[in-house]
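Novice: Here's my sequence, what's the structure:
(chains A and B)
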Amino acid sequence: MDNLAIARVLAEIGDLLEIKNENPFKIRAYRNASETIAHHPDRVAALAPAERLALPGIGKDLAAKIGELVDSGAIAYHQDLLQEFPPTILDLLHLQGVGPKTVALLYHQLGIRTLDDLEAALREGRLRGLKGMGAKKESQMLRALEERTRVAGRRLIAEAYDTAAALVATLREEAPGAVIALVGSLRRGCETCGDLDILAAGAPATLMEAFTGYRQVERVLAHGDTKSSVRIWGGFQADLRLVPGPSAGAALQYFTGSKAHNIVLRDRAIQRGFKLNEYGLYRVDDGALVAGETEEAIYEALGLALVPPELRENRGEIAAAEARSLPQLIVQQDLRGDLHMHTTATDGRADAWAMARAARDSGLEYIAITDHSKALAMANGLDERRALAHAREIRALDGRDDLGGLRVLAGIECDILPDGRLDLAADCLSELDIVIASVHSALDQDESQMTDRLLRAIECPWVDVIAHPTGRRILRREPSRARMDVVFDSALAHGVALEINCQPDRLDLDDGLARRARDRGIGIVIDTDAHSPTALGNLRWGVTVARRAWLQAADVLNTRPFDSFRASLRRNRGAR
DNA sequence: GCCGTTTTCGGCCCGACTGTTTTCAGTCG
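Specialist: This next block holds a predicted model:
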């Protein structure tokens, strides 16, 4: 049982308890535990009971319930709740504007248990007369039902960012003197995003009209003096909050989150005799303002160094900020090379020269061209003969004047076949400058097959890097079932580096795995896997993952100067 | 249900907007 499966059951218990109108703090306990487990780097199912008990927010009771779930596949308490409420009732809870109280009311008064039930009841006017149900509520629910499928779920950060950046640019034109910033999960650099949170500090009240009147707005969901929500064409919800200029820092902090980070911070404020909200940090005694204009001042007043937004997840950053031991996070300018990209030789859109030129123009000092191998027939993958001929052409680009002296390595992205063999012969791989190996097929292998497959690839002496190690596609495909802790051990022993792939729907390794790999001492590379010159711009998303993984420049091999990077490759270290 | 530099009991983060209300409950972030 993987962490997400455990987390889902605990979250479901939380939802059901909420419908049941249970103690809100008990509900929070289940949700906290769910979050903790979803983000835990190790398989919680494989932990000893005492180790589970040591996890934050997991006490005797929850540890026992998790044990029950892992051992028997179910939690009796959960099953009992599902006797009381049908599981389909949870779909209702996720409708916009419908919360636990409404769900309970609908269920108890009208026996509504599914979305279809609700729609039928609405159309028959059966909600009228229920407490708190008026005409507007009725049409709000009907609209939520219609929109449910279209706007359901989350979106990739890259997609959200473009939409948000355009909106922010428009608002800045409206209020040039104000602080206008993206906040929320986008500012923290989360891989997906549910809505676009925007903050304006010190802006005139007319900015709100500019926001609700933005040309891309499909519908205004809420419209107040300090807070409004709109639906953007294409399905995003955007929220704008207006605060006074002197509250800029407090509001930035508050709305950036995460919720877990903020709860800890506010608790810390209370312990020190303060109160923290989106307007400032106040002394409880006399209500005096202590800090508010900058985030840094707020953290300082709480005895903390400023925590970078990407780390605000309550995963150890508070303790590090207190000890003044926060990492100096990597920035995009630290990267000197990109070791994974494709050309027209296989499924890329541009030839090697054009990719090299674009890389040079973006400021890189070196690249590796790594087209696909023959197993990827669909992509016109290279066999040994073509791979070596391609390599000769690529090497002819190395250091050329019209490429500004860019160093160009001839490599390959070699498929790892289902049995773990490499797709190309060793005497071909040995001729290349760099080999990255990756899995593109048979992604549904079981745990032992996929683990053995990766181990066997790592044992091949000519493999330098494993690309997109888990094979996940965000929002579309789960990570492979490989036991990553075992894969990490082997990668470390053999000197193989692991990739953070920058394609916005891969971001693989993810932040949690990348952090753990680094902690083990494994070399990390950040690569675009670009199939076109513009895709080289995706480097920023990989850097974002690296920052969320607490990585510093020194942890990432392609921040090194070319000669040093090259010497760090497994084939050049005599590590085989 | 968790947790402890005041604690093993009694706390647990905070505020805005909407709709249906005549002072507030529900929802959301």
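Novice: rest of the way, CA atoms for contacts and neighbours
Specialist: Noted.
Novice: Ramachandran coordinates for the residue sitting nearest the centre point of chain A?
Specialist: In chain A, the residue lying closest to the centroid (Cα atoms, centre = their mean) is residue A:191, at 2.4 Å. Backbone dihedrals for residue A:191, given as degrees, to the nearest 10, come out at phi -70, psi -30.
Novice: Now that residue A:35 has come up, it's in contact with residue A:7, right?
Specialist: Yes. The pair formed by residue A:35 and residue A:7 meets the contact definition of Cα atoms under 8 Å, at 6.8 Å.
Novice: Once you drop chain neighbours, what's closest to the residue nearest to the centre of chain A?
Specialist: Leaving aside its chain neighbours, residue A:191 sits nearest to residue A:157 (5.3 Å; criterion: Cα to Cα, 6 or more residues apart in numbering).
Novice: Now the stretch 101-250 of chain A against DNA strand B: closest residue?
Specialist: Nearest residue of the stretch 101-250 of chain A to DNA strand B (Cα to the nearest atom of the strand) works out as residue A:134 at 2.5 Å.
Novice: Could you count how many residues lie near that residue?
Specialist: Using other Cα atoms under 10 Å, the number of residues around residue A:134 comes to 13.
Novice: Quick check: chain neighbours aside, which residue is closest to it?
Specialist: residue A:128 (6.6 Å).
Novice: any idea how far residue A:142 is from that neighbour?
Specialist: Taking Cα to Cα, to the nearest Å as the measure, residue A:128 falls 14 Å from residue A:142.
Novice: In terms of helices and strands, where is residue A:142?
Specialist: Using DSSP states H and E, residue A:142 falls within helix A:135-151.
Novice: How far away from the center of its chain is that helix?
Specialist: From the chain centre to the centre of helix A:135-151 is a distance of 29 Å (Cα atoms, centre = their mean, to the nearest Å).
Novice: can you tell if the next helix or strand after that helix touches DNA strand B?
Specialist: Taking DSSP H and E as the definition, the helix or strand that follows helix A:135-151 towards the C-terminus is strand A:155-156. No. Taking Cα under 7 Å from any atom of the strand as the criterion, strand A:155-156 and DNA strand B are apart, separated by no less than 13.7 Å.
Novice: related to what we said a few turns ago, looking at residue A:35 and residue A:7, which has the bigger crowd around it?
Specialist: Set side by side, residue A:35 and residue A:7 show unequal neighbour counts under other Cα under 10 Å, the larger going to residue A:7 at 22 against 19.
Novice: Check for me that residue A:218 belongs to a strand.
Specialist: Yes. When DSSP: H, G, I helix; E, B strand; the rest coil is applied, residue A:218 is found to be in a strand.
Novice: quick one: contacts for it?
Specialist: Contacts were defined as Cα atoms under 8 Å, 6 or more residues apart in numbering; by that measure residue A:218 touches A:230, A:231, A:232, A:233.
Novice: give me that answer again for 7 Å
Specialist: Listed by Cα atoms under 7 Å, 6 or more residues apart in numbering, the contact set of residue A:218 reads A:231, A:232, A:233.
Novice: Do I have it right that residue A:65 meets residue A:75?
Specialist: Yes. Proximity of residue A:65 to residue A:75 meets the contact threshold set by Cα atoms under 7 Å, at 6.3 Å.
Novice: near DNA strand B, which residues of the stretch 51-200 of chain A?
Specialist: With Cα under 7 Å from any atom of the strand as the criterion, the stretch 51-200 of chain A comes near DNA strand B at residues A:55-63, A:93-103, A:131-138, A:184, A:195, A:197.
Novice: Are any of the residues you listed buried, and if so which?
Specialist: Buried residues within those, defined by neighbour count using 16 or more other Cα atoms under 10 Å: A:57-58, A:62-63, A:93-95, A:100, A:102-103, A:138, A:184, A:195, A:197.
Novice: What is the host helix or strand of residue A:248 packed up against?
Specialist: For residue A:248, the enclosing helix or strand under DSSP H and E is helix A:248-256. Contact here means 3 or more Cα pairs under 7 Å, 6 or more residues apart in numbering; DSSP states H and E; on that basis helix A:248-256 packs against strand A:179-183, helix A:184-188, helix A:295-301.
Novice: Reformat these into JSON lines and put distance to residue A:311 and mean pLDDT next to each item.
Specialist: Putting the helices and strands packed on helix A:248-256 into JSON lines (distance: least, Cα to Cα, whole Å; pLDDT from 0 to 100) gives the following:
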{"stretch": "strand A:179-183", "distance to residue A:311": "14", "mean pLDDT": "95"}
{"stretch": "helix A:184-188", "distance to residue A:311": "7", "mean pLDDT": "94"}
{"stretch": "helix A:295-301", "distance to residue A:311": "14", "mean pLDDT": "94"}
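Novice: got TSV for the ones you listed, with distance to residue A:43 too?
Specialist: Output for the helices and strands packed on helix A:248-256, formatted as TSV (distance: least, Cα to Cα, whole Å):
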stretch	distance to residue A:43
strand A:179-183	31
helix A:184-188	25
helix A:295-301	33
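Novice: residue with max distance from the center of chain A?
Specialist: Summary for chain A: using Cα atoms, centre = their mean, the residue whose C-alpha lies farthest from the chain's mean C-alpha position is residue A:129, with a distance of 44.0 Å.
Novice: show me what contacts it?
Specialist: With contacts taken as Cα under 7 Å, 6+ apart, residue A:129 has no neighbouring residues.
Novice: nearest residue to residue A:566 other than its sequence neighbours?
Specialist: In space, and not counting its chain neighbours, residue A:566 is closest to residue A:572: 7.2 Å by Cα to Cα, 6+ apart.
Novice: which stretches of the stretch 251-400 of chain A form strands?
Specialist: Secondary structure of the stretch 251-400 of chain A, counting by DSSP state E, counting those that start in this stretch: strands at A:274-277, A:280-283, A:289-291, A:337-338, A:366-372.
Novice: closest to DNA strand B out of these?
Specialist: Taking Cα to the nearest atom of the strand as the criterion, strand A:274-277 is the member of these that comes nearest to DNA strand B, at 5.1 Å.
Novice: partner strands of that closest one, parallel or antiparallel?
Specialist: Strands that pair with strand A:274-277, judged by DSSP bridges, come out as strand A:280-283 (antiparallel).
Novice: C-alpha coordinates for the partner strand, PDB please?
Specialist: What follows is strand A:280-283 as a C-alpha-only set of coordinates in PDB (Å, rounded to 0.1, in the frame of the first residue of the first chain):
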ATOM      1  CA  GLY A 280       0.500  42.500  10.500                       C
ATOM      2  CA  LEU A 281       2.100  41.000  13.600                       C
ATOM      3  CA  TYR A 282       0.600  42.600  16.700                       C
ATOM      4  CA  ARG A 283       1.400  42.500  20.400                       C
END
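Novice: now it: mean pLDDT?
Specialist: Computed over strand A:280-283, the mean pLDDT rounds to 92.
Novice: Show residues contacting that strand.
Specialist: Looking at what lies outside strand A:280-283 - Cα under 7 Å, 6+ apart - the contacts are A:247, A:250, A:273, A:274, A:275, A:276, A:288, A:289, A:290, A:291, A:292, A:298.
Novice: and the second one, what is it in contact with?
Specialist: Applying Cα under 7 Å, 6+ apart, one finds that residue A:250 lies in contact with A:277, A:278, A:279, A:280, A:292, A:293, A:294, A:295.
Novice: now swap in the fourth one and tell me
Specialist: Residue A:274 makes contacts with A:281, A:282, A:283, A:284, as judged by Cα under 7 Å, 6+ apart.
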